[in-house]
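Undergrad: Here is the input, now give the coordinates:
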Amino acid sequence: MINALSELEVKVLRALWKLGKKVSANILAHEASLPVSSVMSAIELLKSKGLVRVEDIVWKSVRVSDEGAKYINELPEEKLIRVLDERGGSAHIKELLNVFDRKELNIAINWARKRGWIQIVGGVVKLVKRGVAYAERDILRRALAGLRVSVGEPSYEIVRELARRGLVLVSDIIERYVELTNEGLKLASTLPKVTVISRLSSDILKRGIWKSAIIRPYNVSAEPPLTYPGRKHYYVEFLEMFREIMRDLGFEEIDGDYVELEFWNFDALFQAQDHPARDIHDTLQVLNPQLGSLKGIEDLVSRVKEVHENGGSCGSRGWGYRWSLDIARRVILRTHTTALTIKYLAYHKEPPIRVFTIGRVFRAESIDYKHLPEFYQLDGIIMEKDFTFRKLLGLLKEVAYRIGVKELKFKPGYFPFTEPSVEGYVKLEGIGWVEVFGAGLFRPEILHALGIKYPVGAWGLGLERFAMAVLGFNDIRDLFSYDVSKLRNYVIRW
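TA: As a prediction, the model looks like this:
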């Protein structure tokens, strides 16, 4: 057993043996010349080996409050007895208010009556018994220097009474007491004759101390302490990986603002102003300022208005309604990152173009396992002279394959700004197929308004749902977990 003890445990056992009785951890630390924290650690180790018994005793620490400090020499009820005695044993309450303030007099009368020292008849306070609160004042004086009492002591009830009166402050102190068990006594009796070495040094070897000592064996099978270096959140790593994939495919990243005009978010994308998605229940509108400016792009605004109302000269019939500039100028939080890519196209009209953006978008959604009101979206566009819908599907398959999606399927879809359109679905374990992106070729109305003569493929991906499929989650909220254990132990899959 001795060679299983550390030097710290041996020192504590020796000190306990020398003291020969149950002692507090503080006294034991003083005897062993060790910090209390080290002694507490050793006590737990010795307790687990059955060498010591431990008892925690709760003491009440008593301190005088600011109110109590006023009455160290005389409590209010004692002062009342003294004043009544000086006035022949009685006095009217009005007369007493010349000596006491009203609060102090109420306290004095209340406690003097409880003790049976006075009676009140017709507003006159009469002395019945000359009392002195020796015990209470003794507690107050002792509490000035710091007083400890146990629950079982007679003085504890006085302390409770003073605490209720707000004259003392009481807090719990837990003190640990320790003593040797029979096995600990037997082992400790041999310790003075033996030196236990836990760590060899050159001095121990040179002086030959090790020859007459017990060398504690090394546990070569013990696990090293765990270290938790800083690391990125797994969802942040996923986003960065997606960026790398897009760059590897020849795309350039662009960025923009969260706050956008409805013109870029909806109108430039041929989304009618009476479309349900533009209703306030889906779109978050900014209260101040409510309207923005479209100066500098008047020609583009005019062409967008034309294709909305009658289709312009692109062969479309448009939406057939009266387009409103004020609605287009409304300020909102962007609902998709396509608002950014369409703005890019307005100023870059010649192929080849391959750009993408990753950013947050905002919608008035209710939170559940697959919806958030604020989420990340990847939006991409590609313009080539001979670009086709088939090439777009092939590109989306390649992106999904590189990101690690095992099961992907396409379904025909409808979006106001693309034709043909497609929806992409991935399979989530325990949930089934979940839509993760929409894609298609920009409609002629959009290209005509922008002044673009070449086909443009576009797609928007809900990155949280994609991440759920790749990272193995079935609840979107887990992507933003603050669970430290999960963040530390999650194994990145790439």
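Undergrad: next one: stretch 434-452 to chain centre, how far?
TA: 41 Å (CA atoms, centre = their mean, to the nearest Å).
Undergrad: One more: stretch 89-105?
TA: 57 Å.
Undergrad: what about the helices in the stretch 301-450 of the chain?
TA: All helices of the stretch 301-450 of the chain, identified by DSSP state H, counting those that start in this stretch, fall at 325-328, 338-347, 389-403, 444-450.
Undergrad: deepest of the ones you listed, which one?
TA: Most buried of the helices of the stretch 301-450 of the chain, by mean neighbour count (mean count of other CB atoms under 10 Å): helix 444-450, with a mean of 23. Placement of C-beta: from N, CA and C, glycine included.
Undergrad: Just the mean pLDDT for it, thanks.
TA: What helix 444-450 shows for mean pLDDT is 94.
Undergrad: Please parse this structure into its domains.
TA: Per the record's domain assignment (automatic domain parsing), the chain is made up of the domains 64-150, 236-489.
Undergrad: rewinding a little: could I get the helices of the stretch 301-450 of the chain as TSV with distance to V220?
TA: TSV is the format used below for the helices of the stretch 301-450 of the chain (distance: least, CB to CB, whole Å):
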stretch	distance to V220
helix 325-328	74
helix 338-347	59
helix 389-403	44
helix 444-450	70
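Undergrad: re the thing from before, with distance to I27 as extra columns, can I get the domains of the chain in a markdown table?
TA: Compiled in a markdown table, the domains of the chain are given as follows (distance: least, CB to CB, whole Å):
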| stretch | distance to I27 |
| --- | --- |
| domain 64-150 | 15 |
| domain 236-489 | 39 |
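Undergrad: Mind checking the ones you listed for the one nearest to Y218?
TA: domain 236-489 (28.6 Å; CB to CB).
Undergrad: First-to-last residue distance for the closest one?
TA: Taking CA to CA, to the nearest Å, domain 236-489 runs 15 Å from one end to the other.
Undergrad: Run through this protein and note the low-pLDDT ranges.
TA: For the chain, the stretches flagged by pLDDT under 70 are 1-3, 192-196, 212, 277, 279-281, 492-494.
Undergrad: Show me the strands in the stretch 301-450 of the chain, by range?
TA: 331-333, 353-362, 374-383, 408-415, 418-428, 432-442 (DSSP state E, counting those that start in this stretch).
Undergrad: pretty sure L294 is in a strand, no?
TA: No - counting by DSSP: H, G, I helix; E, B strand; the rest coil, L294 is not part of a strand but coil.
Undergrad: now it, nearest residue through space, not along the chain?
TA: V301 (5.3 Å; CB to CB, 6 or more residues apart in numbering).
Undergrad: list the contacts for the one you found?
TA: 263, 294, 325, 328 (CB atoms under 8 Å, 6 or more residues apart in numbering).
Undergrad: Now do it against Y347, distance only.
TA: Here V301 is placed at a distance of 15 Å from Y347 (CB to CB, to the nearest Å).
Undergrad: Check A108 too.
TA: Distance from A108 to Y347, by CB to CB: 86 Å.
Undergrad: Give me the spatial nearest neighbour of M383, chain neighbours excluded.
TA: I353 (4.0 Å).
Undergrad: And for N265?
TA: Here the residue nearest N265, using CB to CB, 6+ apart, is A339, at 4.2 Å.
Undergrad: and that neighbour, what is it in contact with?
TA: Shown in contact with A339 (CB under 8 Å, 6+ apart): 256, 260, 264-265, 269.
Undergrad: change it to 6 Å
TA: A339 makes contact with 260, 264-265, according to CB atoms under 6 Å, 6 or more residues apart in numbering.
Undergrad: ranking these by neighbours, who comes first?
TA: For the contacts of A339, the largest neighbour count, defined by other CB atoms under 10 Å, is 27 neighbours, found at N265.
Undergrad: hmm, back to that, what about the helices of the stretch 301-450 of the chain, which gets the closest to R231?
TA: Of these, nearest to R231 by CB to CB is helix 389-403, at 20.4 Å.
Undergrad: Please identify which of the domains of the chain is closest to D172.
TA: Proximity to D172 (CB to CB) singles out domain 64-150 among these, at 10.6 Å.
Undergrad: Now the terminal residues of that closest one, how far apart.
TA: With CA to CA as the measure, the first residue of domain 64-150 is 17 Å from its last.
Undergrad: mind checking how far the residue sitting furthest away from the middle of the chain is from V132?
TA: Largest separation from the mean C-alpha position in the chain: G88, at 68.5 Å (CA atoms, centre = their mean). Note on G88: its distance to V132, by CB to CB, is 19 Å.
Undergrad: End to end on stretch 207-215, go ahead and measure it.
TA: 15 Å.
Undergrad: Next, the contact list for I381, please.
TA: 341, 355, 456, 458.
Undergrad: Then Y490?
TA: Counting by CB under 6 Å, 6+ apart, Y490 has contacts Y234.
Undergrad: next one: phi and psi at it?
TA: The phi/psi pair for Y490 (degrees, to the nearest 10) reads phi -70, psi 130.
Undergrad: neighbours around S316, how many?
TA: So S316, with other CB under 10 Å, has 16 neighbours.
Undergrad: My error: substitute T190 in the last question.
TA: Counted with other CB under 10 Å, T190 comes out at 12.
Undergrad: cool, P289 as well?
TA: 11.
Undergrad: what does the one 4 residues further on give?
TA: Using other CB under 10 Å, S293 is surrounded by 9 other residues.
Undergrad: List the buried residues of the helix or strand harbouring E244.
TA: Using DSSP states H and E, E244 falls within helix 234-248. For helix 234-248, the neighbour count (16 or more other CB atoms under 10 Å) marks 234-235, 237-238, 241-242, 245-246 as buried.
Undergrad: for stretch 476-489, same thing?
TA: 476, 478-479, 481.
Undergrad: what's it in contact with?
TA: Stretch 476-489 is contacted from outside by 228, 235, 370, 372, 464, 467, using CB under 6 Å, 6+ apart.
Undergrad: Nearest spatial neighbour of the first one, chain-adjacent residues omitted?
TA: Counting by CB to CB, 6+ apart, the nearest residue to Y228 once its immediate chain neighbours are dropped is R488, at 5.5 Å.
Undergrad: same thing with the last one?
TA: Counting by CB to CB, 6+ apart, A467 lies nearest to F238, which is 4.9 Å off, once chain neighbours are set aside.
Undergrad: do you know how far the one you found is from L463?
TA: The separation that F238 has from L463, given CB to CB, amounts to 8 Å.
Undergrad: what does L144 give?
TA: Distance, L144 to L463, by CB to CB: 66 Å.
Undergrad: do the same with V484
TA: Distance from V484 to L463, by CB to CB: 24 Å.
Undergrad: what about stretch 355-368, how long is it end to end?
TA: 32 Å.
Undergrad: Now do it: distance to the chain's middle.
TA: Using CA atoms, centre = their mean, the offset of stretch 355-368 from its chain centre is 23 Å.
Undergrad: what residues does it touch?
TA: In contact with stretch 355-368 (CB under 6 Å, 6+ apart) are residues 246, 251-254, 281-282, 284, 333-337, 340, 344, 371, 373-374, 376-381.
Undergrad: do stretch 440-450 as well
TA: Contacts of stretch 440-450 (CB under 6 Å, 6+ apart): 270, 303-304, 307, 312, 314, 316, 345-346, 389, 417-421, 455-458.
Undergrad: mind redoing it with 7 Å?
TA: 268-270, 300, 303-304, 307, 311-312, 314-316, 345-346, 349, 389, 392, 415, 417-422, 455-458 (CB atoms under 7 Å, 6 or more residues apart in numbering).
Undergrad: Can I get it in PDB, CA atoms only?
TA: The C-alpha trace of stretch 440-450 is given here as PDB (Å, rounded to 0.1, in the frame of the first residue of the first chain):
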ATOM      1  CA  GLY A 440     -32.500  27.400 -63.100                       C
ATOM      2  CA  LEU A 441     -31.700  29.700 -66.000                       C
ATOM      3  CA  PHE A 442     -32.600  33.400 -65.500                       C
ATOM      4  CA  ARG A 443     -35.800  34.300 -67.400                       C
ATOM      5  CA  PRO A 444     -35.600  36.400 -70.600                       C
ATOM      6  CA  GLU A 445     -37.400  39.200 -68.800                       C
ATOM      7  CA  ILE A 446     -34.500  39.500 -66.300                       C
ATOM      8  CA  LEU A 447     -31.800  39.300 -68.900                       C
ATOM      9  CA  HIS A 448     -33.600  41.900 -71.100                       C
ATOM     10  CA  ALA A 449     -34.000  44.400 -68.300                       C
ATOM     11  CA  LEU A 450     -30.300  44.000 -67.400                       C
END
